[in-house]
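Enquirer: Fold the following and give me the result.
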Amino acid sequence: MNYDFYHIYVYLYYENLQRLFSMEKHKCGWCVGDPLYEAYHDEEWGVPVKDDKTLFEFLILETFQAGLSWITILRKRENFRKAFDNFDYKKIANYKQDKIDSLLLDAGIIRNKLKVNSAVTNAKLFMEIQEEFGSFSNYIWRFVDGKPIKSKYKNYKDAPPTTKESDALSKDLKKRGFKFVGSTVMYAHMQATGMVNDHEIGCFRYHEV
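Expert: Prediction:
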C-alpha cells in the first residue's frame, strides 16, 4: 500500500469514527432538539461554579425564570446582560428609580416590576453575604458541604423539584430578605451551578462535570 495513501486512509478512518461517536452521545432528554438548549447543556449546566459573579448571574436569571421556562430566559440572556450591566451586582445594588423604570420598558427582558425590583434588593443582600462569609460562594456551597451531590437518575423526569438542601437554602435566603428564592427556584440554581449533578447517568456529561 502506498505510504501516503495509507496515512490518509488511517486519518479518514479515525475522523469518521470520531464523528460517529459524537453522533451517538446521549444527552439529557430535556435539552434535545434545541441548539441553544443543547449548547447550554453541553457547556454549562451542572458545572460546579465557585465564582461570585457567575453565581450572581445565575441567581438573577433563575429569579426571573420563576413561573416561566428556562429556555425563555436563555433566549433573552444576552439582553439581560446588556440591560443589567453584565450582572455587576455593585452597580445593580445602586440602581435608582429612573434605571428601574427604563428596565421596565426594555422588551428584551422580562418586564416584571416585582422581579426587576427584586434584582436590586437581592444584589444588596448578595454583598451583605459576601461581607459575612468572605464570598457568596463560601456561603452557598455550605448547603452541600462544599462538594456536588451526585444523583443517579436514568431519566431527567425522575429528578425532584426540590430537596432538603434546596429547602434549607431557600429558607435561609428568605430569612435574609431575598426575593423569588423559593425552593424550586433554588434547586434549579443548584442544578445549573453544579451544586448537584442531575445529568442522566447515561448522559455523556454525567462523568465530565
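Enquirer: Low-confidence ranges, the protein, go.
Expert: Applying pLDDT under 70 to the chain flags the ranges 1-24.
Enquirer: which residues sit in contact with Leu55?
Expert: Going by CB atoms under 8 Å, 6 or more residues apart in numbering, Leu55 touches 49, 136-137, 140, 193. In short, each C-beta sits where N, CA and C put it, glycine included.
Enquirer: Quick one: the strands in the protein, in order.
Expert: Ranges of strands within the chain are 149-150, 196-197, based on DSSP state E.
Enquirer: doesn't Gly177 make contact with Ser118?
Expert: No: with contact defined as CB atoms under 8 Å, Ser118 does not count as touching Gly177 (10.1 Å).
Enquirer: Which ones among the contacts of Leu55 lie within helices?
Expert: Among the contacts of Leu55, the ones falling in helices (DSSP state H) are 136-137, 140.
Enquirer: Now, of those residues, which are buried?
Expert: With burial judged by 16 or more other CB atoms under 10 Å, the buried subset of those is 136-137, 140.
Enquirer: As TSV, those residues with distance to Phe84 would be great.
Expert: Below are these laid out as TSV (distance: CB to CB, whole Å):
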residue	distance to Phe84
Phe136	17
Ser137	20
Ile140	20
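Enquirer: coming back round to it: who has more neighbours, Ser118 and Gly177?
Expert: Ranked by neighbour count (other CB atoms under 10 Å), Ser118 and Gly177 place Ser118 first, with 19 against 12.
Enquirer: how far away is the more buried one from Ser170?
Expert: From Ser118 over to Ser170 the distance is 14 Å, taken as CB to CB, to the nearest Å.
Enquirer: Check Phe136 too.
Expert: For Phe136, the distance to Ser170 - CB to CB - is 15 Å.
Enquirer: what does Leu114 give?
Expert: Applying CB to CB to Leu114 and Ser170 gives a distance of 17 Å.
Enquirer: same deal with Glu208?
Expert: For Glu208 relative to Ser170 (CB to CB), the value is 28 Å.
Enquirer: Between these two, which has more neighbouring residues?
Expert: Legend: neighbour count by other CB under 10 Å for Glu208 and Ser170, higher for Ser170 (21 against 11).
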